[in-house]
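# below: sequence and its predicted model.
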Amino acid sequence: MLNIQKRKVKSEFCFCSSIPANGLAAVYKYPEEKMELTAAYIKAGLEQNERCIWLVPDFQSAEKAKNLLSNSDLDIENRIEKSRLKIIPLKEKDDPSIKQTETSRIYFDWKAGNPQKEIIKFIHAGNWRYLRINLEVGAFGKSITTSLKELRCVLAENMPEKKIRPLFMIKEEDLSAEEVFNLIEAGEKLVIKREGKWKFLKIKLRAATPP
């Protein structure tokens, strides 16, 4: 039997320099945490002159995302005008009969719909070195590990010449203890919020003491 112990990380996670080459996987519990993390992730990218795409469920969420980024020293309107930032609602039209807020999950078919075409167009336009984009990872009847692997393959197949730093968001309730082990075994560096700070999750395996 194994005991799992979380090891405390001394310093707060840096969204500027700690992004792995194949992207970052983050686990969130509440919608507010997801918005907070994505805002910090996108803001760090803009500060480094990277191109950024923030995917949101609907137009209302797009306004909230813009307001979150505007609450900083960055000139967000200028970044948008110069195509450094694109906030894309995945819901194409506002429908008053459908209640959808920033708490909605973001799932989509990469090759279908106008928002997806807008994403591809923005990615391929211009000459840039790095691009950040947030993507929700769901099980869809398969494991989170498999879904994450497939999503990475899609990015590699569609944009092989681009250097993309994706932020993969995973809802905590979608993860079992076995899934966490599988992700770490697959080489994923998971980021979680603990004690008010975003940190890399590290586990320490110790053999149980014999009775």
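Great, that's in hand.

# am I right that V154 falls within a helix?
Yes: under DSSP: H, G, I helix; E, B strand; the rest coil, V154 falls within a helix.

# quick one: it and P166, what's the gap?
Remark: distance between V154 and P166 (C-beta to C-beta, to the nearest Å) = 10 Å. Every C-beta, even on glycine, is put in place using the N, C-alpha and C of the backbone.

# tell me which of these two has more neighbours.
Ranked by neighbour count (other C-beta atoms under 10 Å), V154 and P166 place P166 first, with 22 against 12.

# thought that one was touching L135?
Yes: counting by C-beta atoms under 8 Å, P166 touches L135, with 5.5 Å between them.

# what sits in contact with each of the two?
Common neighbours of P166 and L135 (criterion: C-beta atoms under 8 Å, 6 or more residues apart in numbering): L151.

# give me the distance from the strand or helix carrying N182 to the chain's centre.
Taking DSSP states H and E as the criterion, N182 maps to helix 177-185. Taking C-alpha atoms, centre = their mean, to the nearest Å, one finds helix 177-185 lying 18 Å from the centre of the chain it belongs to.

# and for stretch 180-193?
Chain-centre distance of stretch 180-193: 14 Å, with C-alpha atoms, centre = their mean.

# ok, and for that stretch, which residues are buried?
In terms of neighbour count (16 or more other C-beta atoms under 10 Å), stretch 180-193 has its buried residues at V180, N182, L183, E188, K189, L190, V191, I192, K193.

# report the contact partners of the second one.
Residues touching N182, when contacts are defined by C-beta under 8 Å, 6+ apart, comprise S143, I144, T145.

# all set now, cheers.
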